[in-house]
Structures are given as structure tokens and as C-alpha cells.
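1. Turn this into a model:
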Amino acid sequence: MSTSTSLLRDRDFVLFAGGQGVSALGDALSKTALPLLVLAITGSGLHMGIIAMLNALPLLVLGVPAGAWADRMDRRRMMLWSDVGRALLVALVPLAVVLDIPLLPVLYAIAVPIGVLYAVFEAACLSCVPALVGRERLGEANSLLSIGNALGFVIGPSLAGVLMATVRGGLTLAVDALTFAVSALTLMFIRRPLQEAAQRPTGPMGDQIREGLVFIRGHRLLRSTVLYWSAITFLTSPIIICATFFLRVDLGWSPRILGLIIATYAGGAIVGALVASRLRQAAGLMMFGGTVVGGVALLVLSVASWLPLTLGVAVLAGMGEAVAGIFYTTLRAQLTPDELLGRVTTTVQVATFGLRPLSVFVAGVALELTSGAATLATIGVACLLVSALFAWRNNLFQPRTAAVPTPTERASKAG
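-> Got it, this is the predicted structure:
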């Protein structure tokens, strides 16, 4: 593809982006409906935190090995079978409703297996975009993928709110199962390879994992970026369950209003993605600015009880997260050669999301002991403090990224 041609005219990219957009709709629906479902069954923020923790644990254990698999194996097949497995597992929830089986044990039983398949899928998915579109198109591709993801979060929460109010909660997750099946179908029709033609690594798995770790440790900009984003992700991982608790328990608002707020947040993310595709400032500066906007938005949300103000804050928060996330993802991929991309990406994912089980568990305890408002305010203040610390101690704002050596160049240097 010529770089002057829009990726929207690239058949394979459209298939990939469309499948991921549909899957994002299902994710948005389940991320809205599942906390509401657990809260309706148990009335407990602690149960919400424990189920989220179980779902996040496999990424901590399997994240780095999955990255090595993504560099050695066919990434398309990894994604395809992960989608099929998740479709079947999520379908157990509406099936349990139909068969009148207690839902809480089912939710606990599927949390870890879904987390395992998520870790495998993400390792392949996050590694395949450079090969699919070319490194010179990463910014455009990540912006379009972010828009598709945000569109899913515009539709999904609203649909979840309507379905939760009109049908039995567990049946709502049937839509999520269907979206995984659609994602798997689109992957079957992509013609282009999802990894570059360089020879796939061989040899002991431990040596390959170590190579990815050494690359991250030796790259100062990548290392600083990963540390910063890991700290922010640890703080913000429980936002959905905290916001759900705050809006439903603290304020007593309905599931439909919750869906409206999340959809508005996603609308802000679409605007942020469109803006990010046109920005040329230092990636670190954009990450910092987006995170600061999000932290301030959480502080305002924690004291807001007027719906129009809450909706306005949701738009700003969505814009901030989209800008920060797009620049982070693009920078990380630009700094890494393809044959290391699976290992580096999932090592970074483990560093970024590895402590998520602890984060969501602590948030669940905090919700039980304090309130949704206090927990959201604490997260917002912590994000601002971490951003200020890293802006002071690290060179996150440098305007240019380091060039990525090609496999041939690295081999010639080694020789």
C-alpha cells in the first residue's frame, strides 16, 4: 500500500479493524454488564474486585511466554482460537440463565480461563499491526483502531444498560459471545501475513524471553515510557468497577444512566483519537498531557452529582485517555524490531498490567471500607502525582524516537 492511500481502502486492515471493533463492542457491553450483574447478585464491591482479579491473573503468569509464542508461531491462529474459546466460555453465562443455574459460581469458574485466552490473544494482536500496515503507517493505524474501539464503547454500554433493564442480566453477555465469533470470522479472511518475513526465532524459550528483557532494559526511552505507563495503568485499572459502584451505590443512578456516561466517555475517546492522528508533538508530552487531563477528570467526577457535568467530564476523560494511549502504543511499536515485537510487547504488557489483580482487589477493599467517590478521588490524585514525578525525573518529552535496527543490521553488527 502507498502511504498516500488511506488505510480505509486496505481490505485486510478493514477486516482486521472491523473485527476488533465488533469485539470492542462486546467488551464494552460485558465490562458494563458484568460489574452490574455481580453487584446485583451480591451487593458487594469486594466480589466485583475478586472476579476482576481472577480475570487479570493469567496475564501476569502467561504474558511473557505468550509474547515468545507470538514471535515463534502463527499470530493469526493464536488470535483465531483465542476468540473461539472466549466465545464458548462467555456463552456459558446466558446458558446458565436459561438452565436456571446459579450465576455467581459460573462467573467465578470462567474468569481465569477467559483471562488465559485474553493473554494469548493480546500477545498476537498487539504484535501484528506493524506487519499488517507497515511501520510508517503505525500512527494512522493506531488512531483508526482506537476510533473503532471507542465506537464499540459508544454503543456497548448503552446497549448493556437497555438489556440489563429489560432482560435478565446474564442474557446480556450472549452479545459478547457473538462478537468474539465475528472477530474470529474476520481473521479467517485476512490474506496478508501478520508477521514480517524475517526468520522466526528458534532455540530455548528462556533465551528468547531474556532477549526481549535485555532490549527493554538497554533502551532508555522505551524503559522510561514503560515504567511511567505501568504506574498509571496500575492506578487506573479499577476505574470501571469504581465508577460503577460510585454511580450505582453512592448516587443511586440507574444502569441506563451508567451506560450513557460510558458511551459519552467513548465519544470523547473518538474525538481524542481524531486529534491524536493529527498531532506531531513529542510522544511523551502527549502521554503526560492526556494522563493529567484524565486525573483531573476523576477528581471532578468524584464530587459531581449533576448529570450534565458528569457527561462533560466523561468527554474530557475519554479524550485524554485516547491521546495518551495512542501515543504510547505507537511509540512502543516504533522502537521495537518485528522479530522482538511479540516478546517486548507482552513483557511490557506484564509490566503494565501484571499488578492489575492487586490493583482491582485493593480497589474492591477500598470500596467496601470507604466509598466510590473517595476511591475515584484517590486514583485521580495519584495519577497527577505520578505524572509530575516522571516529568521531573525522566526525559519523556524528547521529540524524536530512536531508530529501530533491522534484522540484517543487527546481524551484521553481531558479526
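2. Which parts of stretch 342-350 count as buried, going by neighbours?
-> 342-350 (16 or more other C-beta atoms under 10 Å). Quick note: C-beta positions are derived from backbone N, CA and C, even for glycine.
3. And for the nearest residue in space to residue 170 that is not next to it in sequence, the neighbour number?
-> In space, and not counting its chain neighbours, residue 170 is closest to residue 97: 3.8 Å by C-beta to C-beta, 6 or more residues apart in numbering. The number of residues packed around residue 97, counting by other C-beta atoms under 10 Å, is 19.
4. Residue 97 touches residue 106, doesn't it?
-> No: Residue 97 lies out of contact with residue 106 (C-beta atoms under 8 Å); the separation is 9.3 Å.
5. what about the residue nearest to residue 170, which helix or strand?
-> Assigned by DSSP states H and E, residue 97 falls within helix 75-98.
6. elements contacting the next helix-or-strand element following that helix?
-> Counting by DSSP H and E, the next helix or strand C-terminal to helix 75-98 is helix 103-133. Here helix 103-133 touches helix 11-42, helix 45-72, helix 75-98, helix 138-166, helix 307-334, helix 338-353, going by 3 or more C-beta pairs under 8 Å, 6 or more residues apart in numbering; DSSP states H and E.
7. Next, the buried residues of the second one.
-> What that stands for is helix 45-72. 45-60, 62-72.
8. before we move on, back to that, list the buried residues of the helix holding residue 97.
-> Neighbour-count burial for helix 75-98 [16+ other C-beta under 10 Å]: 75-76, 78-80, 82-87, 89-97.
9. ok, back up a step: let me have the buried residues of stretch 342-350 in CSV, extended by pLDDT.
-> Listed next are the buried residues of stretch 342-350 as CSV, based on pLDDT from 0 to 100:
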residue, pLDDT
342, 70
343, 73
344, 78
345, 73
346, 70
347, 74
348, 75
349, 70
350, 71
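10. Surely residue 34 is in contact with residue 164?
-> No: using C-beta under 8 Å, residue 34 is not in contact with residue 164; the gap is 10.3 Å.
11. Please give me every residue in contact with the nearest residue to residue 41 once chain neighbours are set aside.
-> The shortest distance from residue 41 to any non-neighbouring residue, by C-beta to C-beta, 6+ apart, is to residue 104 (5.3 Å). For residue 104, the contact set (C-beta atoms under 8 Å, 6 or more residues apart in numbering) comprises 38, 41-42, 47.
12. ditto for residue 352
-> 226, 229-230, 233.
13. circling back: can you say which of the helices and strands packed on helix 103-133 is nearest to residue 242?
-> helix 45-72 (8.5 Å; C-beta to C-beta).
14. just checking, what packs against that closest one?
-> helix 11-42, helix 103-133, helix 205-218, helix 239-245, helix 338-353, helix 356-369.
15. looking at these, which is closest to residue 150?
-> helix 11-42 (7.9 Å).
16. buried stuff in the closest one?
-> Applying a neighbour-count criterion of 16+ other C-beta under 10 Å, one finds 12-17, 19-39 buried in helix 11-42.
17. Now stretch 48-65 - C-alpha only, CSV.
-> Taking C-alpha atoms only, stretch 48-65 is exported to CSV below (Å, rounded to 0.1, in the frame of the first residue of the first chain):
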residue,chain,number,x,y,z
MET,A,48,-16.5,-7.3,41.9
GLY,A,49,-12.8,-6.8,42.8
ILE,A,50,-12.2,-10.6,43.3
ILE,A,51,-13.7,-11.6,39.9
ALA,A,52,-11.8,-8.8,38.2
MET,A,53,-8.6,-10.0,39.9
LEU,A,54,-9.1,-13.6,38.8
ASN,A,55,-9.6,-12.5,35.3
ALA,A,56,-6.4,-10.4,35.3
LEU,A,57,-4.1,-13.0,37.0
PRO,A,58,-3.3,-15.1,33.8
LEU,A,59,-1.7,-12.1,32.1
LEU,A,60,0.8,-11.9,35.0
VAL,A,61,1.7,-15.6,34.7
LEU,A,62,1.5,-16.1,30.9
GLY,A,63,2.1,-12.7,29.4
VAL,A,64,5.8,-13.0,28.7
PRO,A,65,5.7,-16.7,27.5
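18. now the helices: where do they sit in the stretch 151-300 of the chain?
-> 174-188, 205-218, 220-236, 239-245, 255-276, 283-303 (DSSP state H, counting those that start in this stretch).
19. Buried deepest among these, which one?
-> helix 239-245 (a mean of 25; mean count of other C-beta atoms under 10 Å).
20. circling back: show me the two of the contacts of residue 352 that sit farthest apart.
-> Maximum distance among the contacts of residue 352 (C-beta to C-beta): 10.2 Å, for 226 and 233.
21. Could you check the helices and strands packed on helix 45-72 and tell me which one is nearest residue 270?
-> helix 11-42 (11.6 Å).
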